[in-house]
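Q: I'd like to go over a predicted model; first the sequence, then the structure.
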Amino acid sequence: MPIFIIDPMAASSPLHLHHSLKKLGFSSNEIDVLAVLFKLKQGTAIELSKKTAVPLVGVQFAISGLVRRGLIRRLNTSKEEVYETCSLKEFKIWIENKKSEHDSIYKEAEEDIEGFFSFMQETSWQPTITYYEGKDEVISLYDDMIQTAAHADDKNIYSWMNMENIEEIFSEYVPEYIEKRKKFGVTSNNILPVNEASLDRGAKKQVEQRNTMFVENFDINGQVRIYGDKVAFITFEEGKPVGFVFQGKKIVDLFKPIFKLYWDDKKHQDKKDRI
(Lines give C-alpha, C1' and ligand atoms only; values in the text may rest on other atoms or scores of the structure.)
Protein backbone atom coordinates (compact mmCIF):
# COMPACT_ATOMS: atom_id res chain seq x y z
CA MET A 1 0.00 0.00 0.00
CA PRO A 2 1.58 3.32 -1.05
CA ILE A 3 2.30 5.91 1.60
CA PHE A 4 1.48 9.52 0.65
CA ILE A 5 3.33 12.40 2.24
CA ILE A 6 0.76 15.18 2.64
CA ASP A 7 1.76 18.79 2.60
CA PRO A 8 -0.54 20.20 5.36
CA MET A 9 -0.24 23.74 3.99
CA ALA A 10 -1.32 22.62 0.54
CA ALA A 11 -4.05 20.31 1.84
CA SER A 12 -5.99 23.09 3.47
CA SER A 13 -7.18 26.50 2.28
CA PRO A 14 -7.64 29.62 4.42
CA LEU A 15 -10.85 29.40 6.40
CA HIS A 16 -12.44 32.52 4.93
CA LEU A 17 -11.76 31.30 1.38
CA HIS A 18 -13.24 27.90 2.22
CA HIS A 19 -16.41 29.50 3.60
CA SER A 20 -16.74 31.85 0.63
CA LEU A 21 -16.38 29.08 -1.91
CA LYS A 22 -18.85 26.94 0.05
CA LYS A 23 -21.38 29.75 -0.27
CA LEU A 24 -20.78 29.76 -4.02
CA GLY A 25 -21.79 26.12 -4.19
CA PHE A 26 -18.42 24.35 -4.29
CA SER A 27 -17.93 21.00 -2.56
CA SER A 28 -15.14 20.47 -0.03
CA ASN A 29 -13.21 18.35 -2.54
CA GLU A 30 -13.53 21.03 -5.23
CA ILE A 31 -12.29 23.68 -2.79
CA ASP A 32 -9.27 21.56 -1.84
CA VAL A 33 -8.39 20.89 -5.48
CA LEU A 34 -8.75 24.57 -6.35
CA ALA A 35 -6.59 25.64 -3.40
CA VAL A 36 -3.79 23.28 -4.43
CA LEU A 37 -3.98 24.30 -8.08
CA PHE A 38 -3.88 27.98 -7.11
CA LYS A 39 -0.56 27.19 -5.45
CA LEU A 40 0.91 24.71 -7.97
CA LYS A 41 -0.63 26.26 -11.11
CA GLN A 42 -0.65 22.81 -12.75
CA GLY A 43 -1.04 19.18 -11.67
CA THR A 44 -2.32 15.74 -12.57
CA ALA A 45 -5.20 14.03 -10.83
CA ILE A 46 -2.79 11.75 -8.95
CA GLU A 47 -0.69 14.73 -7.82
CA LEU A 48 -3.78 16.55 -6.65
CA SER A 49 -4.95 13.48 -4.75
CA LYS A 50 -1.58 13.28 -2.99
CA LYS A 51 -1.56 16.97 -2.09
CA THR A 52 -5.16 17.09 -0.84
CA ALA A 53 -5.47 13.62 0.75
CA VAL A 54 -8.70 13.28 -1.24
CA PRO A 55 -9.16 9.84 -2.83
CA LEU A 56 -8.45 9.78 -6.56
CA VAL A 57 -12.11 9.15 -7.41
CA GLY A 58 -13.09 12.19 -5.35
CA VAL A 59 -10.46 14.32 -7.09
CA GLN A 60 -11.71 13.17 -10.50
CA PHE A 61 -15.28 14.16 -9.61
CA ALA A 62 -14.02 17.53 -8.32
CA ILE A 63 -12.01 18.10 -11.50
CA SER A 64 -15.08 17.30 -13.61
CA GLY A 65 -17.16 19.90 -11.76
CA LEU A 66 -14.44 22.56 -11.97
CA VAL A 67 -13.85 21.95 -15.69
CA ARG A 68 -17.59 22.27 -16.26
CA ARG A 69 -17.55 25.64 -14.50
CA GLY A 70 -14.60 26.75 -16.63
CA LEU A 71 -12.34 27.32 -13.62
CA ILE A 72 -9.72 24.73 -14.56
CA ARG A 73 -8.80 23.32 -17.95
CA ARG A 74 -7.04 20.27 -19.39
CA LEU A 75 -3.68 20.80 -21.04
CA ASN A 76 -2.78 18.81 -24.12
CA THR A 77 0.37 16.88 -23.25
CA SER A 78 1.85 13.62 -24.45
CA LYS A 79 1.77 12.30 -20.92
CA GLU A 80 -1.24 11.86 -18.59
CA GLU A 81 -3.81 14.62 -18.33
CA VAL A 82 -2.56 17.76 -16.68
CA TYR A 83 -4.86 20.44 -15.28
CA GLU A 84 -4.23 24.10 -14.61
CA THR A 85 -6.31 26.67 -12.83
CA CYS A 86 -7.72 29.84 -14.31
CA SER A 87 -6.23 33.25 -13.55
CA LEU A 88 -7.50 35.50 -10.77
CA LYS A 89 -9.01 37.77 -13.43
CA GLU A 90 -10.89 34.84 -14.98
CA PHE A 91 -12.11 33.72 -11.55
CA LYS A 92 -13.41 37.23 -10.80
CA ILE A 93 -15.19 37.31 -14.17
CA TRP A 94 -16.78 33.96 -13.33
CA ILE A 95 -17.98 35.33 -9.98
CA GLU A 96 -19.44 38.44 -11.66
CA ASN A 97 -21.24 36.28 -14.21
CA LYS A 98 -22.68 34.09 -11.46
CA LYS A 99 -23.77 37.18 -9.54
CA SER A 100 -25.59 38.53 -12.61
CA GLU A 101 -27.11 35.12 -13.22
CA HIS A 102 -28.42 34.94 -9.67
CA ASP A 103 -29.72 38.51 -9.83
CA SER A 104 -31.64 37.53 -12.94
CA ILE A 105 -32.95 34.38 -11.26
CA TYR A 106 -34.06 36.29 -8.15
CA LYS A 107 -35.65 39.04 -10.26
CA GLU A 108 -37.52 36.49 -12.35
CA ALA A 109 -38.65 34.67 -9.21
CA GLU A 110 -39.79 37.97 -7.67
CA GLU A 111 -41.81 38.84 -10.80
CA ASP A 112 -43.34 35.35 -10.91
CA ILE A 113 -44.31 35.53 -7.23
CA GLU A 114 -45.83 39.01 -7.63
CA GLY A 115 -47.71 37.83 -10.70
CA PHE A 116 -49.01 34.79 -8.84
CA PHE A 117 -50.29 36.78 -5.88
CA SER A 118 -51.82 39.37 -8.24
CA PHE A 119 -53.56 36.56 -10.11
CA MET A 120 -54.80 35.02 -6.86
CA GLN A 121 -56.10 38.39 -5.71
CA GLU A 122 -57.96 38.93 -8.97
CA THR A 123 -59.46 35.45 -9.16
CA SER A 124 -60.49 35.39 -5.51
CA TRP A 125 -61.76 39.00 -5.48
CA GLN A 126 -65.00 39.72 -3.67
CA PRO A 127 -66.43 43.20 -3.09
CA THR A 128 -66.98 44.59 0.39
CA ILE A 129 -70.72 44.96 0.96
CA THR A 130 -72.27 47.38 3.47
CA TYR A 131 -75.97 47.29 4.31
CA TYR A 132 -78.06 50.36 5.27
CA GLU A 133 -81.65 50.12 6.48
CA GLY A 134 -84.01 52.94 7.35
CA LYS A 135 -84.08 56.66 6.71
CA ASP A 136 -81.26 57.69 9.08
CA GLU A 137 -78.87 55.01 7.85
CA VAL A 138 -79.51 55.82 4.19
CA ILE A 139 -78.85 59.51 4.97
CA SER A 140 -75.46 58.42 6.34
CA LEU A 141 -74.99 56.56 3.04
CA TYR A 142 -75.61 59.80 1.12
CA ASP A 143 -73.05 61.57 3.33
CA ASP A 144 -70.57 58.81 2.54
CA MET A 145 -71.20 59.36 -1.20
CA ILE A 146 -70.08 62.98 -0.89
CA GLN A 147 -67.02 62.19 1.24
CA THR A 148 -65.92 59.32 -1.00
CA ALA A 149 -66.40 61.23 -4.24
CA ALA A 150 -64.72 64.34 -2.81
CA HIS A 151 -61.53 62.38 -2.09
CA ALA A 152 -61.54 60.39 -5.34
CA ASP A 153 -59.67 61.25 -8.53
CA ASP A 154 -63.03 61.44 -10.30
CA LYS A 155 -65.12 63.91 -8.26
CA ASN A 156 -68.40 62.86 -9.87
CA ILE A 157 -71.43 60.83 -8.85
CA TYR A 158 -73.12 58.94 -11.68
CA SER A 159 -76.75 57.98 -11.03
CA TRP A 160 -79.81 56.32 -12.42
CA MET A 161 -82.61 57.52 -10.16
CA ASN A 162 -86.14 58.83 -9.69
CA MET A 163 -86.37 62.17 -7.88
CA GLU A 164 -90.01 61.46 -6.91
CA ASN A 165 -88.89 58.68 -4.55
CA ILE A 166 -86.18 60.84 -3.03
CA GLU A 167 -88.36 63.93 -2.59
CA GLU A 168 -91.09 61.87 -1.01
CA ILE A 169 -88.89 60.43 1.75
CA PHE A 170 -85.93 62.84 2.04
CA SER A 171 -87.54 66.19 1.21
CA GLU A 172 -86.02 67.87 4.28
CA TYR A 173 -82.57 66.41 3.68
CA VAL A 174 -82.26 67.05 -0.11
CA PRO A 175 -81.30 70.79 0.15
CA GLU A 176 -78.69 69.97 2.80
CA TYR A 177 -77.27 67.16 0.64
CA ILE A 178 -77.02 69.42 -2.43
CA GLU A 179 -75.26 72.21 -0.54
CA LYS A 180 -72.83 69.77 1.04
CA ARG A 181 -72.09 68.15 -2.33
CA LYS A 182 -71.42 71.55 -3.92
CA LYS A 183 -69.21 72.57 -1.01
CA PHE A 184 -66.96 69.55 -1.64
CA GLY A 185 -66.85 70.19 -5.38
CA VAL A 186 -68.70 67.01 -6.35
CA THR A 187 -70.78 67.05 -9.54
CA SER A 188 -73.93 64.94 -9.89
CA ASN A 189 -74.66 63.28 -13.25
CA ASN A 190 -78.21 61.91 -13.39
CA ILE A 191 -80.23 59.81 -15.80
CA LEU A 192 -83.83 60.53 -14.79
CA PRO A 193 -87.34 59.54 -15.83
CA VAL A 194 -89.54 62.30 -17.20
CA ASN A 195 -91.69 63.50 -14.28
CA GLU A 196 -92.32 66.74 -12.43
CA ALA A 197 -89.75 66.20 -9.66
CA SER A 198 -87.01 65.26 -12.11
CA LEU A 199 -87.77 68.16 -14.45
CA ASP A 200 -87.64 70.54 -11.50
CA ARG A 201 -84.18 69.29 -10.56
CA GLY A 202 -83.09 69.52 -14.18
CA ALA A 203 -84.18 73.14 -14.35
CA LYS A 204 -81.81 73.93 -11.46
CA LYS A 205 -78.84 72.04 -12.89
CA GLN A 206 -76.46 75.01 -12.95
CA VAL A 207 -77.35 76.14 -9.44
CA GLU A 208 -77.11 72.61 -8.08
CA GLN A 209 -73.92 71.62 -9.98
CA ARG A 210 -75.79 68.88 -11.78
CA ASN A 211 -75.87 67.34 -15.27
CA THR A 212 -79.16 65.69 -16.21
CA MET A 213 -80.52 63.49 -18.94
CA PHE A 214 -84.19 62.54 -19.25
CA VAL A 215 -85.48 59.21 -20.50
CA GLU A 216 -89.07 58.46 -21.47
CA ASN A 217 -90.74 55.36 -19.98
CA PHE A 218 -87.96 54.95 -17.43
CA ASP A 219 -89.75 53.43 -14.45
CA ILE A 220 -87.23 53.04 -11.64
CA ASN A 221 -88.30 52.69 -8.01
CA GLY A 222 -84.91 53.42 -6.48
CA GLN A 223 -81.48 54.44 -7.64
CA VAL A 224 -78.03 53.21 -8.63
CA ARG A 225 -75.12 55.51 -7.82
CA ILE A 226 -71.48 55.14 -8.86
CA TYR A 227 -68.88 57.14 -6.94
CA GLY A 228 -65.23 56.70 -6.03
CA ASP A 229 -64.61 52.97 -5.69
CA LYS A 230 -68.23 52.22 -4.74
CA VAL A 231 -71.59 51.41 -6.30
CA ALA A 232 -74.74 51.97 -4.22
CA PHE A 233 -78.14 50.41 -4.81
CA ILE A 234 -81.02 52.06 -2.93
CA THR A 235 -84.62 50.89 -2.96
CA PHE A 236 -87.75 52.59 -1.61
CA GLU A 237 -90.19 49.69 -1.41
CA GLU A 238 -93.30 50.77 0.52
CA GLY A 239 -91.56 53.97 1.57
CA LYS A 240 -88.82 52.08 3.45
CA PRO A 241 -85.35 53.01 2.15
CA VAL A 242 -82.76 50.23 2.04
CA GLY A 243 -79.25 50.58 0.65
CA PHE A 244 -76.50 48.18 -0.39
CA VAL A 245 -73.02 49.55 -1.13
CA PHE A 246 -70.52 47.42 -3.02
CA GLN A 247 -66.94 48.61 -2.68
CA GLY A 248 -64.21 47.56 -5.10
CA LYS A 249 -62.56 48.82 -8.27
CA LYS A 250 -63.81 45.86 -10.32
CA ILE A 251 -67.48 46.57 -9.71
CA VAL A 252 -66.97 50.29 -10.50
CA ASP A 253 -65.13 49.31 -13.68
CA LEU A 254 -68.20 47.26 -14.59
CA PHE A 255 -70.90 49.90 -14.00
CA LYS A 256 -69.21 53.20 -14.92
CA PRO A 257 -68.59 52.31 -18.60
CA ILE A 258 -72.25 51.23 -18.91
CA PHE A 259 -73.40 54.60 -17.56
CA LYS A 260 -71.04 56.59 -19.80
CA LEU A 261 -71.90 54.54 -22.87
CA TYR A 262 -75.63 55.16 -22.37
CA TRP A 263 -75.03 58.83 -21.54
CA ASP A 264 -72.92 59.47 -24.66
CA ASP A 265 -75.27 57.48 -26.88
CA LYS A 266 -78.35 59.33 -25.59
CA LYS A 267 -76.63 62.69 -25.97
CA HIS A 268 -75.69 61.82 -29.54
CA GLN A 269 -79.26 60.68 -30.29
CA ASP A 270 -80.79 63.83 -28.82
CA LYS A 271 -78.48 65.98 -30.94
CA LYS A 272 -79.41 63.95 -34.03
CA ASP A 273 -83.13 64.36 -33.27
CA ARG A 274 -82.76 68.15 -32.98
CA ILE A 275 -81.09 68.28 -36.37
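A: Yep, that arrived. Since the model is a prediction, treat every value here as computed from it, not as a measurement.

Q: do a quick rundown of the helices in this protein.
A: 8-11, 15-23, 28-40, 45-52, 56-69, 88-123, 135-150, 163-170, 174-183, 196-203, 249-274 (DSSP state H).

Q: any idea how far Arg73 is from Asp219?
A: According to C-beta to C-beta, to the nearest Å, Arg73 and Asp219 sit 87 Å apart. Glycine gets a C-beta too; all of them are placed from N, C-alpha and C.

Q: which one's more surrounded, these two?
A: Using other C-beta atoms under 10 Å, the more surrounded residue of Arg73 and Asp219 is Arg73, with 13 against 8.

Q: residues in contact with the more buried one?
A: Val67, Tyr83, Glu84, Cys86 (C-beta atoms under 8 Å, 6 or more residues apart in numbering).

Q: for it, give the beta-bridge partners.
A: Applying DSSP bridges to Arg73 yields these beta-bridge partners: Glu84.

Q: about what we covered before: can you list the helices of the chain in JSON lines and add mean pLDDT, mean neighbour count and distance to Asn189?
A: Putting these into JSON lines (pLDDT from 0 to 100; neighbours: other C-beta atoms under 10 Å; distance: least, C-beta to C-beta, whole Å) gives the following:
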{"stretch": "helix 8-11", "mean pLDDT": "38", "mean neighbour count": "13", "distance to Asn189": "84"}
{"stretch": "helix 15-23", "mean pLDDT": "75", "mean neighbour count": "12", "distance to Asn189": "63"}
{"stretch": "helix 28-40", "mean pLDDT": "86", "mean neighbour count": "21", "distance to Asn189": "72"}
{"stretch": "helix 45-52", "mean pLDDT": "86", "mean neighbour count": "21", "distance to Asn189": "82"}
{"stretch": "helix 56-69", "mean pLDDT": "88", "mean neighbour count": "17", "distance to Asn189": "67"}
{"stretch": "helix 88-123", "mean pLDDT": "76", "mean neighbour count": "10", "distance to Asn189": "29"}
{"stretch": "helix 135-150", "mean pLDDT": "94", "mean neighbour count": "18", "distance to Asn189": "11"}
{"stretch": "helix 163-170", "mean pLDDT": "86", "mean neighbour count": "18", "distance to Asn189": "14"}
{"stretch": "helix 174-183", "mean pLDDT": "93", "mean neighbour count": "15", "distance to Asn189": "12"}
{"stretch": "helix 196-203", "mean pLDDT": "77", "mean neighbour count": "16", "distance to Asn189": "12"}
{"stretch": "helix 249-274", "mean pLDDT": "78", "mean neighbour count": "12", "distance to Asn189": "7"}
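
Q: closest to Met213 out of these?
A: Evaluated over the helices of the chain, closeness to Met213 peaks at helix 249-274, with 5.6 Å, by C-beta to C-beta.

Q: I'd guessed Lys204 sits against Arg210; true?
A: Yes. Contact criterion C-beta atoms under 8 Å: Lys204 and Arg210 qualify, at 7.3 Å.

Q: those two: which has the busier surroundings?
A: Higher neighbour count among Lys204 and Arg210: Arg210, with 19 against 12, using other C-beta under 10 Å.

Q: how about the contacts made by that one?
A: With contact set as C-beta under 8 Å, 6+ apart, Arg210 has these partners: Thr187, Ser188, Asn189, Asn190, Arg201, Gly202, Lys204.

Q: swap the cut-off to 6 Å and go again
A: For Arg210, the contacting residues are Ser188, by C-beta atoms under 6 Å, 6 or more residues apart in numbering.

Q: got it, and the one 4 residues further on?
A: When contacts are counted by C-beta under 6 Å, 6+ apart, Phe214 touches Leu192, Val194.

Q: one more pass at 8 Å, please.
A: Listed by C-beta under 8 Å, 6+ apart, the contact partners of Phe214 are Leu192, Pro193, Val194, Ser198, Leu199, Gly202.

Q: same check on Gly228?
A: The contact partners of Gly228, by C-beta under 8 Å, 6+ apart, come to Thr148, Ala149, His151, Ala152, Asp154, Val252.
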